[in-house]
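> Please find the sequence and the predicted model below.
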Amino acid sequence: MTRVRMILAVAVKESRELLRDPVTLGVAVVLPVLLLFIFGYALRLDVREVPAAVVDLDGTAASRGYAALFDRAEEFEIVSRSTDAADVERLLMENRARIVLLIPEGFGRALAKGDVARVQTLVDGSFSATARVIAGFADALAASFVRDGAAQQGPAEIEIRIWYNPAMESTTSVVPGLFGVILMTFPPLLTALAVVREKERGTMQQILISPLPPWSFVLGKLGPYALLAFADVMLVLAAGMFLFAIPLEGSSLFLVLASVLYVLSTLGIGLFVSAITKTQVAALLLVLVLTFMPAFMFSGFLYPIFTMPTALQYYTYVFPGRYFVSLCRGIFLKGVGLGVLWNDIVILAIYAGLMVAVASWRLRLRAA
Amino acid sequence: MLRRIGSLVRKELLQLRRNPVLLILIGYLFTICVLLCGSALTFDLNDAALAVENLDPAPASRALVERLDRSPDFRVAAHAWGDANFASMLDRGEAVAVVRIPPGWSRSLYGRESSSVQVIVDGANAGTAAAVRGYLSALIRRHAFEGAGLEGGGQPAGPIVENRSRVWFNSDLKTVYFMVISMLASAAMMVGVILPAASLVGEREHGTLEQLLVSPVLPRDLVVAKSLVTLLVTLVALTVGLGGVWWFDVPMRGSVGLFYLVSAAFMLGSIGIGVVIASFSKNLQQALFLSVFGLLPVMFLSGTMVPVENMPRLAQLATLASPLRYYMDCLLGIFLKGAGWEVLWPQIAAMTALGLAILGCGLLRLRSALG
């Protein structure tokens, strides 16, 4: 009973400190929602209405028909028309267009004679991910051109379906992954700062000589931050499900279990950082390097893991982010359960156990 | 006045040297971070696994399967049979897409029958799915038209337009160029914000700000000295970062002088943001919190992750207020396009004006926060 009271006392003290720090609290509440908005709404990789320019040196009905084919396609939007070959470089250099259709003189004549007419397409390659898709669409559109400028019904059509995310909404794939980033960033950051703050102020010694056992101190400290982290998850979950209509195909119980294991491992990382750093600034930066960066870049949340060099693919196994992102996407979008995801959950459980063990061993060492 | 600023600059440099954590952070951002991200992060597909079911035993469809396997984007990892098998491959993430060529597909190339290749893409990562869909549909469509052209016969005939697509500025389509340039720009932004914010808040926390203010040093001198040090450190760090440019063979087609000039102009804005943050924060932790997390939206929405034109209109308008957006445009222009002053002056002018405005606001806020 006294133990519970002790933990509660630490938790209450910690919550008061948290409430007195509007900047930290504000960042912890506002940032997840901001990230959701940015990744769900603003960052898109799909190729739609790419600004295109036409440099038409032919000026015939046929060449205008060719340009019209691109204007009608939803992938392109003609933003500039010119009849001067010198404009090609200027348009790409000044970022006015990502793609320039260059129709040489004699285009119409060749078609009238029944020859194959030649055109050129120049693509700005500075952002290669979309440049390749843009060039591919341009090739396919050019191949589908027929005399009157209507897109030819292909000799063989393709039927593409997207599973798990039929509208290919960025939000749908980002929200489940975003849980991984948020839970990886805030709980370890806040706990590391909370423990190191005591060290920096010299209040750690006072606590160590008090009758409070180290682990109840740690539990009391972690409590408010774990609650805050789960509040963050609920916030993002609610925003994702109600504002962006993300489906939850799988079992919510399984999701909660996975989240608890994940938070345990990230809290463990936070405790570990607090055990090896002396100042809040160092703790903050170390947490960023150990949790935020890997969760963000090496978890498969945005950048797929299978495209990374092999050595760096192994690097992703070191952090819990990749297991949780895979679990979240599986549960949310694919509706799969233990049968498919058992290895992710087992690794996460081992990870959580290991981190908590290492962290409490380090802290006990300090206490002794 | 010059002597006063000179000695203040010396003091700032001394203090920075005694702050190993910040120095390590700067080093990390411009070296390890650039190398890690440059070599790992890409939206290219690099041999993404496909599951293929070919129910059409004709040469044209076998050629399609071979073409898929040969393309640098895909490899045929499995020949799947039946819907159940497809589903489990996509569920487990063992294939990014399933391609199914129906019986008689090659006959439809000559218009005798109509049947379509069916593609199912794993949409769990929307970015990958967009690339998979784009590459696959272009590749299959092209194969179909070329096949029709080669093998002739019925209707419709092959393409009557021959297109040659050429990619400018990055003809090998390497993502790493963009990645390295974007990392340098973001790192310059972080350092440009964190250094002045941390050192201003540090003075306040240690109570040395008041001491300085009662000395003959003017607040203006202090800000000028801190800005000079930030500028110096960032330019040195960017020079170190050019090592990453060299390592990844990123082309430098423009002028190095212009690169430094543009970076210096960009510093006005980031130092300005740093001063604004300092005026809002009580201690170092808050300042760092604000500079790291408050900056995230600015960093992501300035064309450093995806080009600005891929964003919705409203977000595009918002980027006009971000100095990083102009800096990113300038760097891509200088490195990849070989753009010079005559092309970039509107960006440089906008960036400078915006920077001066932010810095002015920051100084006003700082003065009222001190008063």
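Noted; the coordinates are in hand.

> rest of the way, CA atoms for contacts and neighbours
OK.

> quick one, what contacts residue 29?
As the question left the chain open, I've gone with chain A. Contact partners of residue A:29, counting by C-alpha atoms under 8 Å, 6 or more residues apart in numbering or on different chains, are residue A:232.

> my bad, chain B
residue B:187.

> what about the spatially closest residue to residue B:358 that is not a sequence neighbour, which helix or strand?
Distances taken as C-alpha to C-alpha, 6 or more residues apart in numbering or on different chains put residue B:272 closest to residue B:358, at 5.1 Å, once the chain neighbours are dropped. Assigned by DSSP states H and E, residue B:272 falls within helix B:256-280.

> in that helix, what counts as buried?
Of all the residues in helix B:256-280, those buried under the rule 16 or more other C-alpha atoms under 10 Å in any protein chain shown are B:258-259, B:262-280.

> residue contacts, residue 333?
Picked chain A for this. By C-alpha under 8 Å, 6+ apart, the contact set of residue A:333 is A:164-165, A:172-173, A:247-250, B:124.

> I was after chain B.
Residue B:333 touches A:93, B:254, B:339-340, B:344, counting by C-alpha under 8 Å, 6+ apart.

> Could you confirm it falls within a helix?
Yes. Counting by DSSP: H, G, I helix; E, B strand; the rest coil, residue B:333 falls inside a helix.

> one step back: would you convert the contacts of residue A:333 into JSON lines that also reports secondary structure, neighbour count and pLDDT?
Output for the contacts of residue A:333, formatted as JSON lines (DSSP: H, G, I helix; E, B strand; the rest coil; neighbours: other C-alpha atoms under 10 Å in any protein chain shown; pLDDT from 0 to 100):
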{"residue": "A:164", "secondary structure": "coil", "neighbour count": "24", "pLDDT": "77"}
{"residue": "A:165", "secondary structure": "coil", "neighbour count": "23", "pLDDT": "75"}
{"residue": "A:172", "secondary structure": "helix", "neighbour count": "27", "pLDDT": "78"}
{"residue": "A:173", "secondary structure": "helix", "neighbour count": "26", "pLDDT": "78"}
{"residue": "A:247", "secondary structure": "coil", "neighbour count": "17", "pLDDT": "80"}
{"residue": "A:248", "secondary structure": "coil", "neighbour count": "18", "pLDDT": "82"}
{"residue": "A:249", "secondary structure": "coil", "neighbour count": "15", "pLDDT": "83"}
{"residue": "A:250", "secondary structure": "coil", "neighbour count": "18", "pLDDT": "83"}
{"residue": "B:124", "secondary structure": "coil", "neighbour count": "32", "pLDDT": "81"}
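
> Mind checking what secondary structure the residue nearest to residue A:10 when sequence neighbours are not counted has?
In space, and not counting its chain neighbours, residue A:10 is closest to residue A:220: 4.9 Å by C-alpha to C-alpha, 6+ apart. Of the three states, residue A:220 takes helix according to three-state DSSP.

> I'd like to know how many residues surround residue A:220.
Residues near residue A:220, counting by other C-alpha atoms under 10 Å in any protein chain shown, number 23.

> try the one 10 residues further on
Residues within reach of residue A:230, counting by other C-alpha under 10 Å, total 18.
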